[in-house]
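> structure for the following, please:
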Amino acid sequence: MPSADDPRQPRDVARQRTSLMLAGLIALPVSIGLWLAIYFGTPPLDGMEAPVARLIFAINCISVAVLLCFFLGIEAVSHERLHTPAINPLAGAESARMKVNLRYLQHTLEQLLLFIPGLLSLSYYCADGHSMRAVTATTIVWIVSRLAFWIGYHKGPEFRTPGLMGMVQSAIVLLYVCARFGHDVAGITGTVVILGLFAAGEIYLVLINRGPPSSSN
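Reported below is the predicted structural model:
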């Protein structure tokens, strides 16, 4: 039977959920403010009239994000393995720090799969150098969010929430570009179908996770 201070206890789960949600509510306006400051505070980009130029710029932004957020995570694990018994990945000698870094890498890889297609599509739908500032702002906010997630996770799992704002941003970008794509294909009907399917999936996931999980032997 789990002890009273077991983190799987319903009361502790509720406390952690409340803590995570409050941290997210604080981080959200900060992320929005940063995005707006970059968008309105930076000059328009030159030579962005052609779609190919916009896509190349977005690819370069992705490269910077991967370098700073993913490759550095790989390096953090690699350097620690080189100088500790964890040099043998099968020895089970990973430190707490390495375990956090490994979780960060896994989560960042997942987030890249949301960030990359959304940013590429966003660059396509930006018409000129003025609107392309959205690509710059989105990239910088994503990078800052990833680093905040990484640093916060090392302080404690409850401090990782501010870094999840990058995921919220990626979701918003994906919803926007998918809605635009649906409209291009089938007008308002296409937009409604795509967003409706996503909303139905979200509602279903919320409903099936509201109750306590079923126990199994």
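> can you tell me how far V144 sits from G166?
Distance of V144 to G166, computed by CB to CB, to the nearest Å: 8 Å. For glycine as for every other residue, the C-beta is placed from the backbone atoms N, C-alpha and C.
> who's more crowded, those two?
In this view V144 and G166 are compared by other CB atoms under 10 Å, and G166 has more residues nearby, 26 against 20.
> wait, that one touches W142, no?
Yes - between G166 and W142 there is a contact at 4.5 Å, judged by CB atoms under 8 Å.
> overlap in contacts, these two.
Shared contacts of G166 and W142, defined by CB atoms under 8 Å, 6 or more residues apart in numbering, comprise 111, 115.
> secondary structure element holding the most centrally placed residue in the chain?
By CA atoms, centre = their mean, the mean C-alpha position of the chain lies nearest to M167, the distance being 2.8 Å. When elements are assigned from DSSP states H and E, M167 belongs to helix 165-208.
> what residues sit buried inside whichever helix or strand L55 is part of?
Secondary structure from DSSP H and E places L55 in helix 51-65. By neighbour count on 16 or more other CB atoms under 10 Å, the buried set for helix 51-65 is 53-54, 57-58, 61-62, 65.
> can I get the residues you listed in a markdown table with pLDDT?
Listed next are the buried residues of helix 51-65 as a markdown table, based on pLDDT from 0 to 100:
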| residue | pLDDT |
| --- | --- |
| A53 | 97 |
| R54 | 98 |
| F57 | 98 |
| A58 | 98 |
| C61 | 98 |
| I62 | 98 |
| A65 | 98 |
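> can I get those residues in TSV with distance to L20?
What follows is these, written out as TSV (distance: CB to CB, whole Å):
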residue	distance to L20
A53	40
R54	36
F57	35
A58	31
C61	29
I62	28
A65	24
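> which one of those is nearest F159?
Taking CB to CB as the measure, A65 is the one of those closest to F159, at 21.8 Å.
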